[in-house]
Structure formats: structure tokens, C-alpha cells
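Asker: Predicted model and sequence below, questions to follow.
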Amino acid sequence: MNNKVFCYGTLKDGGRWHHLIEKAEFIGDGKLSGFEMYEMEGGIMPMLKPCPGGVVHGEVYEVDKPTLDKLRVLERQYKEINANVFIDGVQVSCYVYIYSELLSHYKWIRVPSGIFKVK
């Protein structure tokens, strides 16, 4: 397998898209440094933008290739990057979906805590 994904929004446990990864292995709660979180007005979904000193909290899952392919379809408006996430002080390489110009037409509100509240 070895496809780790950092989930910080609707894919988190309790989120509306979590069913796509509910059979994946939960690796742990993670922190991603160097980014800050924004959520779409109304709290529908979040996104990340690079920001020195920023920290975002989320969950790390290990997914198989078919599940990763489904996530890529779901997150197609986002840019996929590979980034280092820390779980209990251990660095783990993960796929992370961040802001892309395809999201620029939405109104975004900064989330200073770096934690998306699943609704």
C-alpha cells in the first residue's frame, strides 16, 4: 500500500466524505507545518494555503491505490502535493490536497486554529 493521505476536512472521521476511506488504516492524528487553513463561507469545506509558521491538524490514513484514485477524483479542484506530516513527533510523508486556482471563485475565511470542525 504505502499511500498515506493527510485528511484535514470532510474526509476526517465524522466528515461527509469519510465513507470513502472508512476501511483504510488510521495511522494517527497529524500536524502539518507551513500551511494555514481556510474554510468556505458557510463551513462547507476547507482548504490549505502555504504560510510560514502555520500549523494544520488532521488525520493520516494509509489507503490502497483504488481508494487513492477515488480521492483524486473527489479532490480534483485541489492541487495534490507530497508533504511531511508529524505524528507524535515522527515525520511521515503524505499526500495533501491544497489550494489551487480552481478554488479562487469561492469566498474563504481563515481558520486560525488550523482545525476544521466536522459538521
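Answerer: It's in.

Asker: what stretches of the chain score poorly on pLDDT?
Answerer: Across the chain, the ranges flagged by pLDDT under 70 are 1.

Asker: quick one, strands of it?
Answerer: With strands called from DSSP state E, the chain shows them at 3-7, 25-40, 46-63, 79-87, 90-98, 108-111.

Asker: quick one: which of those is nearest G14?
Answerer: strand 46-63 (10.2 Å; Cβ to Cβ). In short, each C-beta sits where N, CA and C put it, glycine included.

Asker: Off-centre distance for the closest one?
Answerer: Using Cα atoms, centre = their mean, to the nearest Å, the mean C-alpha position of strand 46-63 is found 6 Å from that of the whole chain.

Asker: Which neighbours in the sheet does it have, and how are they oriented?
Answerer: Looking at strand 46-63 with DSSP bridges, its partner strands are strand 3-7 (antiparallel), strand 25-40 (antiparallel).

Asker: and the longest one, which residues are buried?
Answerer: The neighbour-count check on strand 25-40 (16 or more other Cβ atoms under 10 Å) flags I27, G30, K31, L32, F35, E36, M37, Y38, E39 as buried.

Asker: how near is the nearest residue to the third one once chain neighbours are set aside to G9?
Answerer: Pointing back at K31 there. Counting by Cβ to Cβ, 6 or more residues apart in numbering, F86 is the residue found nearest to K31 once chain neighbours are left out, at 5.0 Å. Using Cβ to Cβ, to the nearest Å, F86 is found at 19 Å from G9.

Asker: Tell me which of these two has more neighbours.
Answerer: G9 (23 against 16; other Cβ atoms under 10 Å).

Asker: Count the neighbours of E75 for me.
Answerer: E75 has 21 nearby residues by other Cβ under 10 Å.

Asker: The strands of the chain: which one's closest to K119?
Answerer: Here strand 25-40 is closest among these (Cβ to Cβ), at 10.2 Å.
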